[in-house]
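> okay, predicted coordinates and the sequence, questions at the end:
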Number of protein chains: 2
Amino acid sequence: MKKGEFSFISDIATMFGSLPHHGFEPIGDDCTVLSMGEEALVMTTDMLVEDVHFLRGASTAEEVAEKSLMVNISDVAAMGATPMATLLSIALPKSAQGEWAEGFMRGYYEASKREGVALVGGDTTAAKDKIAINVVAIGRAPLSCIKRRSDAKVGDAICVTGKLGISSKGLVDIMLGDMNTEAAKAHRRGQARTAEGLWLGRRSEVHAMMDISDGIASDIKHIMEQSGVGARIFMEQIPTDYDIRYATTGGEDYELLLTLDNDSYEEIAEALYNATGTILTKIGEITLGSDVEWLDKGEPTNMELRGFTHF
Amino acid sequence: MKKGEFSFISDIATMFGSLPHHGFEPIGDDCTVLSMGEEALVMTTDMLVEDVHFLRGASTAEEVAEKSLMVNISDVAAMGATPMATLLSIALPKSAQGEWAEGFMRGYYEASKREGVALVGGDTTAAKDKIAINVVAIGRAPLSCIKRRSDAKVGDAICVTGKLGISSKGLVDIMLGDMNTEAAKAHRRGQARTAEGLWLGRRSEVHAMMDISDGIASDIKHIMEQSGVGARIFMEQIPTDYDIRYATTGGEDYELLLTLDNDSYEEIAEALYNATGTILTKIGEITLGSDVEWLDKGEPTNMELRGFTHF
């Protein structure tokens, strides 16, 4: 459970914190972690609701399936773990019980095959009007490879994989009726940095890691809060092909946001590229304190004044 | 995933059966089982949708919470495992985001506390109109204690815990406007046989086990199919305080249905009662073949002709 998602009850973590934890780590990361000797299991869950997360008219059933799997696989990858299996629950109104459901299962199968994950459980039920989908992903890693949000260190380089902003640019394209741009397609399908997460998990120079689901302006705060550190971001270094606002405050990129030992940045970036073909870009550094400082070519920038809003 | 729940695609298990399983047992039991050396983890998930599984006017938020937890805990107990933790996803329309949500979380906390389970992850999201809830329960047991649907043996006694039919009688009461009968309350809240499942899991004389979610007439077929056996039921022995139809074809009792070595029945029933206060009743026996034979005081009975329908 990501912090703040149960914001309708502010003290949910405190409330449940008094219960026996049976070896599970407390709420607060991309996945929960269950240590079993030197191995760890990680688990995460996400719910997608029709007309909130997707429109039946704008995405195919296959794309919805692919995205519902990918957002969960991304959380497993962000822990440095290998995705193993998923559980799928789906509530289907009558209008979706034939062709749509079959398309969904085909898409879910193809995405599962590509990621090498099993389907090990689930539930199907009727719904009145809207489709609801819940996916649970389960992964595994040596306990020593698990990456958390709480392990950033002062002086670390802040890095991201790939390029940012394509998904939120795609959402705007779709809203404007441009359904078939590259960005629109990327938004509808999602992708998970599975190989990159696994590779980075195995490097001890990598300290904190998470996936970017709400945009770096929002997500970096989770690492800062959980690690008790501040951050400085060099805006001109943020890798994007689009308006910088998509790249900073747009959601659903599912790239990885990580901190690593600053001296190791160049070597790790090169080795990651050689192993996976994915570029790792340094976009900032972890600082003392609890504030985030946005610099545009060295000049402090007020995000609010520049009209950065959450899409 | 229970067999048949993905009936809209008949070959779902075959379709996904070709994917790597990463140590998980194939679909087909109350929970999936992941062996980790001599330990096993079990996991299950259930989705509850407003106006399909509950009515906001007929159940309190606390009762919906309790039931959503209990149906999953019941699946863990039916494997002979100890429930450890849950993940909770909930989609809330605006009308449920204040008081209802808080009542739900209070009820979920109280039920979690009573069952001794942690809340280790989840997701909350908006919904357009209807509440959707998905719960995942995770349990643990020595691998040797795990009870499956596939282990019934010819000659076994077929047994049930407690009394049957109260939940479906309660549903009828609610439909007729009698909201406050004992049966109506039992239907709204649900109960899981956690202590009994755990105790029975530790007895090697117990062979197959599952929880009763659709009524024994339907659920016994899962054990028969998966174990490759038949069954003979002695209807006059079925423990119920209500019309026999509620007890055989009514759902959501969440009692345990199990088979055990016939010679051990009396000793196990007595020891279970001493340990948990719950009565174990023999209602039939496992036979050769693949048919189920219903006897009423020794006379063969045609269930169809007697108007047994699924509630």
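Yep, that arrived. Residues are numbered from 1 along each chain as shown, chains lettered A, B, ... in the order given.
> hey, let's count contacts and neighbours off CA atoms from now on
Fine.
> tell me which residues form a beta bridge with the most centrally placed residue in chain A?
With distances taken as C-alpha atoms, centre = their mean, the residue of chain A nearest its centroid is residue A:211 (3.3 Å). With DSSP bridges as the criterion, residue A:211 is bridged to residue A:256.
> okay, it: pLDDT?
At residue A:211, the predicted lDDT confidence score is 96.
> how close does residue A:274 sit to residue A:266?
As for residue A:274, its distance to residue A:266 is 12 Å (criterion: C-alpha to C-alpha, to the nearest Å).
> follow-up on the earlier one: contacting residues around the residue nearest to the centre of chain A?
Counting by C-alpha atoms under 8 Å, 6 or more residues apart in numbering or on different chains, residue A:211 makes contact with A:30, A:74, A:75, A:78, A:254, A:255, A:256, A:257.
> point me to the residue of the stretch 151-300 of chain A nearest chain B.
Closest to chain B within the stretch 151-300 of chain A is residue A:213: 13.1 Å, counting by C-alpha to the nearest C-alpha.
> so that residue makes contact with residue A:254?
Yes - under the criterion of C-alpha atoms under 8 Å, residue A:213 makes contact with residue A:254 at 5.6 Å.
> quick one, strands of the stretch 201-311 of chain A?
Counting by DSSP state E, counting those that start in this stretch, the stretch 201-311 of chain A has strands at residues A:206-211, A:230-234, A:256-260, A:280-287, A:292-296, A:299-300.
> what about residue A:147, how many neighbours?
When neighbours are defined as other C-alpha atoms under 10 Å in any protein chain shown, residue A:147 has 29 of them.
> could you list the low-pLDDT ranges of the stretch 1-150 of chain A?
A:1-10 (pLDDT under 70).
> which residues in it form strands?
Per DSSP E, counting those that start in this stretch, the stretch 1-150 of chain A carries strands over the ranges A:32-36, A:39-49, A:82-92, A:118-126, A:132-142.
> to chain B, which of those strands lies closest?
From the strands of the stretch 1-150 of chain A, taking C-alpha to the nearest C-alpha, the stretch that ends up closest is strand A:118-126, at 4.0 Å.
> coming back round to it: got the contacts of residue A:211 as TSV, with neighbour count columns?
Output for the contacts of residue A:211, formatted as TSV (neighbours: other C-alpha atoms under 10 Å in any protein chain shown):
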residue	neighbour count
A:30	27
A:74	28
A:75	33
A:78	35
A:254	28
A:255	27
A:256	27
A:257	26
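> just the closest of the residues you listed to residue B:153, please.
Among the contacts of residue A:211, residue A:75 lies closest to residue B:153 (C-alpha to C-alpha), at 43.0 Å.
> ok, now which ones touch that closest one?
Residue A:75 is in contact with A:30, A:31, A:44, A:210, A:211, counting by C-alpha under 8 Å, 6+ apart.
> could you count how many residues lie near residue A:55?
Using other C-alpha under 10 Å, the number of residues around residue A:55 comes to 15.
> what of the one 3 residues further on?
By the measure other C-alpha under 10 Å, the count of residues near residue A:58 is 15.
> I'd say it and residue A:179 touch.
Yes - look at residue A:58 against residue A:179 with C-alpha under 8 Å: they come within range, at 7.4 Å.
> give me the distance between the residue of chain A most remote from its centre and chain B.
No residue in chain A sits farther from the centre than residue A:94, which is 31.8 Å out by C-alpha atoms, centre = their mean. Residue A:94 sits 11 Å away from chain B, going by C-alpha to the nearest C-alpha, to the nearest Å.
> same thing with residue A:115?
For residue A:115, the distance to chain B - C-alpha to the nearest C-alpha - is 10 Å.
> what is the end-to-end distance of stretch A:75-95?
Using C-alpha to C-alpha, the end-to-end distance of stretch A:75-95 comes to 31 Å.
> if you count neighbours, what's buried in it?
A:75-92 (16 or more other C-alpha atoms under 10 Å in any protein chain shown).
> and it, how far out from the chain middle?
Mean C-alpha position of stretch A:75-95 versus that of the full chain (C-alpha atoms, centre = their mean, to the nearest Å) differs by 13 Å.
> and stretch A:48-65, by the same measure?
Remark: stretch A:48-65 is offset 18 Å from the chain centroid, using C-alpha atoms, centre = their mean.
> now swap in stretch A:281-295 and tell me
Put simply, stretch A:281-295 sits 20 Å off its chain's centre (C-alpha atoms, centre = their mean).
> just the residues contacting that stretch, thanks.
Contact with stretch A:281-295 is made by A:152-162, A:221, A:224-225, A:228-235, A:237-239, A:259, A:265, A:269, A:300-303, as judged by C-alpha under 8 Å, 6+ apart.
> how about that stretch as PDB, C-alpha atoms only?
Provided in PDB are the C-alpha atoms of stretch A:281-295 (Å, rounded to 0.1, in the frame of the first residue of the first chain):
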ATOM      1  CA  THR A 281      20.000   9.400 -16.500                       C
ATOM      2  CA  LYS A 282      21.100  11.300 -13.400                       C
ATOM      3  CA  ILE A 283      18.600  14.100 -12.700                       C
ATOM      4  CA  GLY A 284      19.600  15.300  -9.300                       C
ATOM      5  CA  GLU A 285      21.100  14.500  -5.900                       C
ATOM      6  CA  ILE A 286      20.000  13.600  -2.400                       C
ATOM      7  CA  THR A 287      20.600  16.400   0.100                       C
ATOM      8  CA  LEU A 288      20.500  17.000   3.800                       C
ATOM      9  CA  GLY A 289      17.100  18.200   5.100                       C
ATOM     10  CA  SER A 290      13.600  17.600   3.900                       C
ATOM     11  CA  ASP A 291      13.000  20.000   1.100                       C
ATOM     12  CA  VAL A 292      13.100  19.500  -2.700                       C
ATOM     13  CA  GLU A 293      14.900  22.100  -4.700                       C
ATOM     14  CA  TRP A 294      14.200  22.500  -8.400                       C
ATOM     15  CA  LEU A 295      17.000  24.000 -10.400                       C
END
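> in that stretch, what counts as buried?
Those buried within stretch A:281-295 under the rule 16+ other C-alpha under 10 Å are A:281, A:282, A:283, A:284, A:285, A:286, A:287, A:292, A:293, A:294, A:295.
> CSV for those, including pLDDT and distance to residue A:131?
Output for these, formatted as CSV (pLDDT from 0 to 100; distance: C-alpha to C-alpha, whole Å):
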residue, pLDDT, distance to residue A:131
A:281, 98, 38
A:282, 98, 40
A:283, 98, 39
A:284, 98, 40
A:285, 98, 42
A:286, 98, 42
A:287, 98, 44
A:292, 94, 39
A:293, 95, 41
A:294, 95, 40
A:295, 95, 43
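> out of those, the closest to residue B:138 would be?
Closest approach to residue B:138 among the buried residues of stretch A:281-295 (C-alpha to C-alpha): residue A:286, at 36.5 Å.
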